[in-house]
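# Please find the sequence and the predicted model below.
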Amino acid sequence: MSDLRYEAPATLAAAVALLAGANGKARVLAGGTDLLIQMRSGRIEPGLLVDIKGIPEMTSIAAENGGYRVGAAVSCMQLIEHAAFSGTWPGVTDAVKLIGSIQVKGRATVGGNLCNASPAADSVPAMMAAGAVVRIVGPGGTREAPVENIATGPGKTSLAGNEIVTSFLLPRRAPHSGDAYLRFTPRTEMDIAVVGAGVNLTLDDKGYCTHARVALGAVAERAVLVPDAAAALVGTRGDAAALERLAAAASAACRPIDDKRGTRAFRIEVAGVMARRAAEIALARAGRSG
Amino acid sequence: MAKHHVTATVNGDCVEFLCETQQTLLEVLRDELRLTGTKEGCGTGDCGACTITLDGRLVCSCLVLGVEAQGKSIQTIEGMASGTDLHPLQRKFLEHAALQCGVCTPGILIAARSLLERNPDPTEEEVRYWLAGNLCRCTGYHKVVEAVLDAARELRGG
């Protein structure tokens, strides 16, 4: 362990060069709330840590084309305290608020939550529902990908070893839009999702849903988009029958593990309940928003 | 590999230390700087016993590397009292018997001060949620919450 190197580059180009030169032995250090634990437990033994918190574009929140570009190394507390962002994306904010204690949120980042690739990560279904697109930088340049294309399984991502997720773009909001995220946990705080559900939708002037996205966490090897659940809402005013169809579609999309924190049958049932309740909150928020 | 030479501010004093990459800020505070008021509980960010502030942000020092403290301002429990004058939170913890074994206390005090700096008049529920990351296996939290609310009252001049 004593030959573990640490670098804190000031630019993305320098960070990418460091990763490219490390033969896969480097790890990106953002908040460290997952990485340091994995290092101490011996699960990973990197040779180089690339601390990306000194790179300005990765630690800032900026307006872009009517939406928001959120740096991947922005801490959860920094995002929660951004009043304009949380006013526009209350569902994403609710999800980020659920990531660990105040102390953990002071360090943990949304980029880390995504790249750690836990199937139960709270921010990921909310970001997927929001239609967030990540920017990825590697030796070959910059590319963009929807959030749902990053995690491929527990602890696994589609990123090459020398690529860095640098930011999230949350798109411009149409009028009458709302989002919400709910999770089921045995305790109200300091717990890991047994089921998480994110819903994002837009209504027309008469209250009919014109666009919806529904995503679930902790019910498959990675967070999943559920187009059938979204389709159940579109064209309706979110009446009871539509919400029942949404819940059924959410349950049908689950392929969960079966463990002491939640049996398979329980997770499938509760996924429908969480998706329906999140949709009700999103509908109410959309109705209130201009 | 050579150790990192780090310069930081701890409780208002400029300090320098040497550390290995994998040494946590908690280990640096306790073993290099001999500031043993900050406690190690779980070492995995779950219990909050090692809570400090880093540039004003509440963090678990077991989840921060010593080398990440370069140029940062750190507040630990050792900086809470002014000389022999206890901080009102410290006094109220004694008055309310809000501690038993005391291992969680430094972390809770730092977290509670951070809450009152942001919200001088928190509800009981807000105190409980803010302190959710600080585990106490002795008190059952009731007296902790009472002490924080009482200290908040005093600090507001009530």
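All right, it came through fine. Since the structure is predicted, the reported quantities are computational estimates derived from the model, not experimental observations. Numbering: from 1, shown residues only, chains lettered A, B, ... in the order given.

# Point out the residues in chain B that sit beside chain A.
Proximity of chain B to chain A, by CB under 8 Å from any CB of the partner chain, involves residues B:1, B:4, B:20-22, B:24, B:43-46, B:48, B:51, B:54, B:57-60, B:62-65, B:67-68, B:70, B:111, B:114, B:129-130, B:132-134. Any C-beta I mention is one placed from the backbone N, CA and C, and that applies to glycine too.

# Go through those and flag which are in strands.
Judged by DSSP state E, the residues of chain B next to chain A include B:His4, B:Thr51, B:Leu54, B:Arg57, B:Leu58, B:Val59, B:Cys60 as members of strands.

# Where does chain B get nearest to chain A, residue-wise?
B:Gly133 (2.2 Å; CB to the nearest CB).

# Local confidence estimate at that residue?
pLDDT, B:Gly133: 96.

# How about the contacts made by the residue lying closest to it once chain neighbours are set aside?
Nearest non-adjacent residue to B:Gly133, counting by CB to CB, 6 or more residues apart in numbering or on different chains: A:Ser101, 2.2 Å away. When contacts are counted by CB atoms under 8 Å, 6 or more residues apart in numbering or on different chains, A:Ser101 touches A:Glu189, A:Met190, B:Gly45, B:Gly48, B:Cys60, B:Ala132, B:Gly133, B:Asn134.

# Neighbour-wise, which one of the residues you listed leads?
The residue in these with the most neighbours, by other CB atoms under 10 Å in any protein chain shown, is B:Cys60 (35 neighbours).

# hey, what's it bridged with?
Beta-bridge partners recorded for B:Cys60 (DSSP bridges): B:Thr51.

# So it is in contact with B:Gly43, correct?
No: between B:Cys60 and B:Gly43 there is no contact under CB atoms under 8 Å: 9.2 Å.

# Wait, B:Ala8 touches B:Glu68, no?
No: the criterion here is CB under 8 Å, and B:Ala8 misses it with B:Glu68 at 9.7 Å.

# quick one, which of those two is more surrounded?
B:Glu68 (26 against 21).

# could you pull out the helices for chain B?
Under the criterion DSSP state H, chain B contains helices at B:25-27, B:88-95, B:105-118, B:124-130, B:142-155.

# For the ones you listed, give me CSV that also has mean neighbour count.
Listed next are the helices of chain B as CSV, based on neighbours: other CB atoms under 10 Å in any protein chain shown:
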stretch, mean neighbour count
helix B:25-27, 24
helix B:88-95, 19
helix B:105-118, 23
helix B:124-130, 16
helix B:142-155, 20
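
# Take the ones you listed and lay them out in CSV including mean pLDDT.
Listed next are these as CSV, based on pLDDT from 0 to 100:
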stretch, mean pLDDT
helix B:25-27, 98
helix B:88-95, 98
helix B:105-118, 98
helix B:124-130, 97
helix B:142-155, 98
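
# CA atoms only: put stretch A:52-68 into PDB for me.
Presented in PDB, the C-alpha positions along stretch A:52-68 are these (Å, rounded to 0.1, in the frame of the first residue of the first chain):
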ATOM      1  CA  ILE A  52     -10.700  15.300  -9.500                       C
ATOM      2  CA  LYS A  53     -12.000  17.900  -7.000                       C
ATOM      3  CA  GLY A  54      -9.500  20.500  -8.200                       C
ATOM      4  CA  ILE A  55     -11.000  20.600 -11.700                       C
ATOM      5  CA  PRO A  56     -13.300  23.600 -11.900                       C
ATOM      6  CA  GLU A  57     -15.800  22.200 -14.500                       C
ATOM      7  CA  MET A  58     -16.300  19.100 -12.400                       C
ATOM      8  CA  THR A  59     -17.200  20.900  -9.200                       C
ATOM      9  CA  SER A  60     -19.600  23.600 -10.500                       C
ATOM     10  CA  ILE A  61     -23.300  23.900 -11.200                       C
ATOM     11  CA  ALA A  62     -24.000  26.100 -14.300                       C
ATOM     12  CA  ALA A  63     -27.100  27.000 -16.300                       C
ATOM     13  CA  GLU A  64     -26.800  25.600 -19.900                       C
ATOM     14  CA  ASN A  65     -29.400  26.000 -22.600                       C
ATOM     15  CA  GLY A  66     -32.100  26.500 -20.100                       C
ATOM     16  CA  GLY A  67     -31.100  23.400 -18.100                       C
ATOM     17  CA  TYR A  68     -28.300  22.700 -15.700                       C
END
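
# can you pull the contacts of residue 57?
Chain wasn't specified; assuming chain A. Here A:Glu57 is in contact with A:Leu12, A:Gly71, A:Thr166, A:Ser167 (CB under 8 Å, 6+ apart).

# hm, I was asking about chain B
Here B:Arg57 is in contact with A:Ser75, A:Met77, A:Gly106, A:Arg107 (criterion: CB under 8 Å, 6+ apart).

# Give me the secondary structure label for the residue in the stretch 151-290 of chain A positioned nearest to chain B.
The stretch 151-290 of chain A approaches chain B most closely through A:Glu189 (3.9 Å), counting by CB to the nearest CB. What DSSP: H, G, I helix; E, B strand; the rest coil gives for A:Glu189 is coil.

# Hmm, it is touching B:Ala132, no?
Yes: the pair A:Glu189 / B:Ala132 is scored as a contact, 3.9 Å apart, by CB under 8 Å.

# B:Gly43 and B:Cys62 touch, don't they?
Yes: with contacts counted by CB under 8 Å, B:Gly43 reaches B:Cys62, the gap being 5.0 Å.

# and stretch A:234-243, average pLDDT?
Here the average pLDDT along stretch A:234-243 is 98.

# Alpha carbons only: can I get it in PDB?
Listed next in PDB are the C-alpha coordinates belonging to stretch A:234-243 (Å, rounded to 0.1, in the frame of the first residue of the first chain):
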ATOM      1  CA  VAL A 234     -49.100   9.600 -21.300                       C
ATOM      2  CA  GLY A 235     -52.400  10.800 -22.600                       C
ATOM      3  CA  THR A 236     -54.100  10.600 -19.200                       C
ATOM      4  CA  ARG A 237     -54.600  13.100 -16.400                       C
ATOM      5  CA  GLY A 238     -53.100  10.600 -13.900                       C
ATOM      6  CA  ASP A 239     -56.400   9.100 -12.900                       C
ATOM      7  CA  ALA A 240     -56.700   6.100 -10.700                       C
ATOM      8  CA  ALA A 241     -56.800   3.600 -13.600                       C
ATOM      9  CA  ALA A 242     -53.700   5.100 -15.200                       C
ATOM     10  CA  LEU A 243     -51.900   4.900 -11.900                       C
END
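
# related to what we said a few turns ago, from the ones in strands among the residues of chain B next to chain A, keep the buried residues only.
Neighbour counting over these (16 or more other CB atoms under 10 Å in any protein chain shown) leaves B:His4, B:Thr51, B:Leu54, B:Arg57, B:Leu58, B:Val59, B:Cys60 as the buried ones.
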